[in-house]
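Peer 1: Fold the following and give me the result.
(one chain, ligands or ions: 1)
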Amino acid sequence: MSERRAREPQTETYDLNADDDEYVPYVPLHKRQQERFARLTSRRVESERDKARREQEEQEEREDEEREAEKRREKQRKERTLLMEAQEVHSKKAAEDAKKTEDQKADEADAEILAAIASRRKLASDLELAKGVSYTQALKSTWTPPHYIRDRSEAHHRRLREKYHILVEGEDIPPPIESFADMKIPQSILSFLKASRIVSPTPIQIQGMPTAFAGRDMIGIAFTGSGKTLAFCMPVIMMALEEETKLPFVRGEGPVGIILCPSRELATQTHGNIVAWTSALEKGGYPHINTLLCIGGISMGEQSHIMNKGLHIVVATPGRLIDMLEKKRFTLNNCKYLCMDEADRMIDQGFEEDVRHIMSFFVRQRQTLLFSATMPRKIQDFAQQSLVKPILVNVGRAGAANLDVLQVVEYVKQEAKMVYLLECLQKTPPPVIIFSENKNEVDDIQEYLLLKGVEAVAIHGSKTQEERQYAIKSFTSGAKDVMVASSVASKGLDFNDIQHVIIFSMPKEIEDYVHQIGRTGRSGKTGIATTFVNMNTAEQTLLDLKYLLMEAGQKVPAFLQSVEDPRVAQGGSLKGCPVCGGLGHGIANCPKLEDTQRRQMASHRGSDMRGD
Ligand SMILES: Nc1ncnc2c1ncn2[C@@H]1O[C@H](COP(=O)(O)OP(=O)(O)OP(=O)(O)O)[C@@H](O)[C@H]1O
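Peer 2: Predicted coordinates for the structure are as follows:
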């Protein structure tokens, strides 16, 4: 006890020197117990919390795994569905493909090639293309058909079109009209036409003229010699007459219309026609219509009397027209009518860029017309997107031969051709045209004929303008009996009453053949075409020829009959080629396509070299 007491004061006494760290304060037992209990409790709480947390985490992990597993299952389900769908699509396509005929497959292949080569830009001016200008409505015209024709039913128009085998495509098509008088053509022109034995309109005129008079853009396709020239000249003459009557043209004004031709000869001929028809008008008391011939090879000085007055109509070849426009000899500010004769050739054979350049001189919407005897589908499609609400007027298959021509195809060995030619010339009286594909051959034939005493002239691209004009003039006047020509003279030229066309070397492209035989059998008369073929003629060309003869109901000689179509054995499509219209081959073998591509490549190379 005493010990306890003796220690008690020590504990009471404060040793100020003692180290603080060593100091352990006294904690009463119950407090220590409380603290221990608290520690134990808190440890238990903590461990319970840990446990709960762990359980929670485990639970979450399980749920995550469950979700992952569900996701995997879902993904697998989707993959299975997709696979099934793909298999279904695949088997459907396979079934469809199996159902497709060889023809359909060939059509699809053709369409692919067509799409690949259809990279042409719209036929519009660069300015319009750049500004995104596109016209949606046809030009307004003051011309209307007489009320008794307007009052006719659509069924009546349809019957008329059927009667003349006229096919039309497009919206709001003007009615066909069977008489020039009902087209409201002035009497003085009607009398002049009558004197030239043009009394009633041909099918292309019946539908094409009302369409053009109504201001509509159009594509006119009709046989060689079927009167297309009148169909596209009369509307521009009437337009010029109307404008001149409203307000006479003074120097520097005009033209209202342009007719573009692919060759000087064709332009000269069309110009001659317009001058004849407008002179007839003038004689009937109407105002003078001033028409300019704008072609290479003639000096504009010769036509200064025309340039010194207001200008109504210009007939031109593209190159010279561009030259005149660039030199500002006249403008197209008031020009409302643009017609292209032999339009497929204009667009397809290297003039496309020229045409586009000419378009860039127009400052307002124009009426655009494309005419030709051959118009492959490719060009038709292209033209359709370049014109405004166009109307297609088609008389007979584009590229088909004129049925008024008797077509004779003869097998003549190369070395026998010249001699046989002489014999062949005896078939009919003159005038006769002989075509050859080659300039040198044209000269050789002319020389041979001259030696044999035949009055022959020759025309081809390397002749001067004077030589060409002399040849045409002396042949047209009847001073010369025979004209030997390369294909430059084949398209569009209208010589009087050609009796016989001899094709000395068969052209590679069947379109050229159609144009060449079309120099005879014009304006309702009949004519003969004799064509020499031999082992130098490509089999495919012979096949095109064979089908063309069959289509025209002509005699197919035995050696042509024996030419077999490889497409028959391959089970392929026997439809005509959409590029050149030839019936004996498909687009994949088209000779024209090869040529076109060659030309395109050449022009690219040319522009690369010029650096433009
Ligand atoms: N309605 C008609 N009746 C009789 N002859 C006509 C008629 N219209 C035009 N002709 C004559 O028919 C001939 C051929 O006409 P045109 O030169 O216009 O034919 P085309 O269709 O342009 O031929 P191509 O495709 O070969 O150029 C011309 O001599 C022309 O005077």
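Peer 1: contacts, neighbours, all on C-alpha from now
Peer 2: Fine.
Peer 1: Residue 69: neighbouring residues, count only.
Peer 2: Around residue 69 there are 12 other residues, counting by other CA atoms under 10 Å.
Peer 1: So it, which state does it fall into?
Peer 2: What DSSP: H, G, I helix; E, B strand; the rest coil gives for residue 69 is helix.
Peer 1: Now do the same contact list for it.
Peer 2: Residues near residue 69 by CA atoms under 8 Å, 6 or more residues apart in numbering: none.
Peer 1: cool, residue 140 as well?
Peer 2: Counted by CA under 8 Å, 6+ apart, residue 140 has contacts 214-215.
Peer 1: Could you pull up phi and psi at it?
Peer 2: phi -80, psi 140 (degrees, to the nearest 10).
Peer 1: same deal with the one 3 residues further on?
Peer 2: Residue 143 adopts backbone torsions of phi -80, psi 140, taken as degrees, to the nearest 10.
Peer 1: doesn't residue 216 make contact with it?
Peer 2: No: Residue 143 lies out of contact with residue 216 (CA atoms under 8 Å); the separation is 11.3 Å.
Peer 1: which one of those two has more residues nearby?
Peer 2: For residue 143 versus residue 216, the count of surrounding residues by other CA under 10 Å is larger for residue 216: 27 against 16.
Peer 1: Not counting its neighbours along the chain, what's nearest that one?
Peer 2: residue 138 (5.7 Å; CA to CA, 6 or more residues apart in numbering).
Peer 1: what about whichever residue of the stretch 301-450 of the chain sits closest to the ligand, how many neighbours?
Peer 2: Residue of the stretch 301-450 of the chain nearest the ligand, by CA to the nearest ligand atom: residue 373 (4.9 Å). Residue 373: 32 surrounding residues under other CA under 10 Å.
Peer 1: thought it was touching residue 224?
Peer 2: Yes: counting by CA under 8 Å, residue 224 is a contact partner of residue 373 at 5.6 Å.
Peer 1: got any residues that touch both of these two?
Peer 2: Counting by CA under 8 Å, 6+ apart, the residues touching both residue 373 and residue 224 are residue 515.
Peer 1: How is this structure divided into domains?
Peer 2: Split into domains by the TED database, the chain comes to 126-395, 405-574.
Peer 1: any idea where the strands of the stretch 201-350 of the chain begin and end?
Peer 2: Assigned by DSSP state E, counting those that start in this stretch, the strands in the stretch 201-350 of the chain fall at 218-222, 257-260, 291-294, 313-316, 337-340.
Peer 1: Packed most tightly, which of the ones you listed would that be?
Peer 2: Neighbour counts (mean count of other CA atoms under 10 Å) averaged over each of the strands of the stretch 201-350 of the chain peak at strand 218-222, with a mean of 28.
Peer 1: Spell out which parts of the stretch 51-200 of the chain neighbour the ligand.
Peer 2: 197-200 (CA under 6 Å from any ligand atom).
Peer 1: got CSV for these, with neighbour count, distance to residue 450 and secondary structure too?
Peer 2: Shown next, in CSV, are these (neighbours: other CA atoms under 10 Å; distance: CA to CA, whole Å; DSSP: H, G, I helix; E, B strand; the rest coil):
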residue, neighbour count, distance to residue 450, secondary structure
197, 10, 35, coil
198, 15, 37, coil
199, 15, 40, coil
200, 15, 42, coil
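Peer 1: Take those and write them to TSV, including pLDDT.
Peer 2: Shown next, in TSV, are those (pLDDT from 0 to 100):
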residue	pLDDT
197	90
198	94
199	93
200	93
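Peer 1: Just flag the most distant two among those.
Peer 2: 197 and 200 (9.0 Å; CA to CA).
Peer 1: Might one say that residue 393 is in contact with residue 209?
Peer 2: No: counting by CA under 8 Å, residue 393 stays clear of residue 209, with 10.2 Å between them.
Peer 1: between the two, who's got more neighbours?
Peer 2: Taking other CA under 10 Å, residue 393 and residue 209 do not tie; residue 209 has more neighbours (27 against 24).
Peer 1: any chance you could map the strands in the chain?
Peer 2: 166-169, 218-222, 257-260, 291-294, 313-316, 337-340, 367-372, 391-395, 405-411, 432-435, 456-459, 482-485, 500-503, 527-533 (DSSP state E).
Peer 1: Export those strands to a markdown table and append columns for mean pLDDT.
Peer 2: Listed next are those as a markdown table, based on pLDDT from 0 to 100:
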| stretch | mean pLDDT |
| --- | --- |
| strand 166-169 | 92 |
| strand 218-222 | 91 |
| strand 257-260 | 96 |
| strand 291-294 | 95 |
| strand 313-316 | 96 |
| strand 337-340 | 94 |
| strand 367-372 | 92 |
| strand 391-395 | 92 |
| strand 405-411 | 94 |
| strand 432-435 | 96 |
| strand 456-459 | 94 |
| strand 482-485 | 95 |
| strand 500-503 | 96 |
| strand 527-533 | 95 |
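Peer 1: can you list these in JSON lines and add distance to residue 300?
Peer 2: Below are the strands of the chain laid out as JSON lines (distance: least, CA to CA, whole Å):
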{"stretch": "strand 166-169", "distance to residue 300": "41"}
{"stretch": "strand 218-222", "distance to residue 300": "32"}
{"stretch": "strand 257-260", "distance to residue 300": "17"}
{"stretch": "strand 291-294", "distance to residue 300": "8"}
{"stretch": "strand 313-316", "distance to residue 300": "12"}
{"stretch": "strand 337-340", "distance to residue 300": "22"}
{"stretch": "strand 367-372", "distance to residue 300": "26"}
{"stretch": "strand 391-395", "distance to residue 300": "36"}
{"stretch": "strand 405-411", "distance to residue 300": "39"}
{"stretch": "strand 432-435", "distance to residue 300": "31"}
{"stretch": "strand 456-459", "distance to residue 300": "24"}
{"stretch": "strand 482-485", "distance to residue 300": "27"}
{"stretch": "strand 500-503", "distance to residue 300": "35"}
{"stretch": "strand 527-533", "distance to residue 300": "38"}
